[in-house]
Structure formats: C-alpha cells, structure tokens
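Peer 1: Next comes the sequence, and after it the predicted model I'd like to discuss.
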Amino acid sequence: MRGALKFGVPIAAGLATGGYALSQGEDPGSAALAAGAGALGGAAGLLGARALAGKYSPSLLKAAKEGKVAAEKSLLESAIRMPEGSRRQNAVLGVIDRSAQMPIPSEQAFTRGMGKAVAAGLVPAAALTAGLGGVALGAIPGSMGLPGFQQGMAIDPESPGSSNTQSAKYGVTPYASTQYM
C-alpha cells in the first residue's frame, strides 16, 4: 500500500472524528480520544476494505446475481396473483422487463468498480464507530473530574448565592444565614 494512503486515510479519519466530536460540544479530552480511536478505526477499516475489495468480491457478485433472480421470481409470482390486465400487474411486469434488461456486471468489472465502492464505505463507518468508542471512553475520566475531560457547565444566574436573585437585589439575607444568629 502506498504511504499516502496507508497513513493519510487514518490521519484524515482521526481529524474528522475528533473535529466532529468537538463540533458536537464534547470536551477536549473526549474529542482527543475520539480522534485517536477514529484514526485506529480508519486504519482497521482500510485493511478490511482492502480484503473485501479483493478476496470477497466474487462472493458479493454471486450474492448480487442470486438476489436479482430471487427478486424477479418473487415479482413474477405476485404478478400472477393479480387481476389480469390491471394497472398493478402491468406495472410489476414492466419492472420485471426493465430488470431483465439490466446487465449484471462481470466479475472483473465488479472487482474494479462496485466491489471497491462497497469496500470504501467501510473506512468511514469503522472510523466513526471507533470515534464513538473514544467519546465513550472519555466519559470515564470525565466522571472522575480529570481536567480536560470536564464540560463547561452553564451558570444559572438565578441560582441561590448568585448576586442576581431577588433577595440579593433587595438586601435580604437568605434564610440559612439567619438561622444561626
């Protein structure tokens, strides 16, 4: 594998998952873990895609051919049960005719085109799944209060002790402080 592909894809996957985690309001530590896990997931997805595009593409082609035949057979059986000459029966028969005209790609064309396209979807899926695992992993240090894994908490201006409450504006002391006088 070329170096640009071998290292570029995981780096891009890591940056994308880390950036996405930050854009969703995650804390910096969890976003960094998402970026690292996303890079590892992108690398694993790249290895899996390479195997899928080469080794398993004949199996995918065979499944596609069998699926097309099964779908045509099922449509033909349902068209036979419909009233003769009805709009639905004509529509189903038209779909069957169009399906029969669609060529099934050869094994070589499938290996070059469709199989690689299916395999290419594996890389972002693996990276995003691993990035989600990184965000979940970031929740552990966040629950222990480690710096960098804490989300910025919003401060309620109406909370007790705030200088914006009605009692603070009018100089009334809270009940708790007068209790011990």
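Peer 2: Perfect, thanks for sending it. Residues are numbered from 1 along each chain as shown.

Peer 1: only C-alpha atoms for contact and neighbour calcs from this point on.
Peer 2: OK.

Peer 1: average pLDDT across stretch 20-29?
Peer 2: For stretch 20-29, the mean pLDDT works out to 87.

Peer 1: likewise stretch 77-86?
Peer 2: pLDDT averaged over stretch 77-86 gives 86.

Peer 1: what about it, how long is it end to end?
Peer 2: End-to-end span of stretch 77-86 (CA to CA, to the nearest Å): 15 Å.

Peer 1: And for that stretch, what's in contact with it?
Peer 2: Arg88, Gln89, Val92, Leu93 (CA atoms under 8 Å, 6 or more residues apart in numbering).

Peer 1: Packing partners of the helix or strand harbouring Leu137?
Peer 2: Using DSSP states H and E, Leu137 maps to helix 122-143. Contacts defined by 3 or more CA pairs under 8 Å, 6 or more residues apart in numbering; DSSP states H and E place helix 122-143 against helix 3-23, helix 28-54.

Peer 1: Buried deepest among those, which one?
Peer 2: With neighbours defined as mean count of other CA atoms under 10 Å, the helices and strands packed on helix 122-143 peak in mean count at helix 28-54, which reaches a mean of 24.

Peer 1: packing partners for that helix?
Peer 2: Packing contacts for helix 28-54, counted by 3+ CA pairs under 8 Å, 6+ apart, involve helix 3-23, helix 114-120, helix 122-143.

Peer 1: Double-check Gly131 against Ala32; I have them as touching.
Peer 2: No. Using CA atoms under 8 Å, Gly131 is not in contact with Ala32, being 9.5 Å away.

Peer 1: and for these two, which residues touch both?
Peer 2: In contact with both Gly131 and Ala32: Gly18, using CA under 8 Å, 6+ apart.
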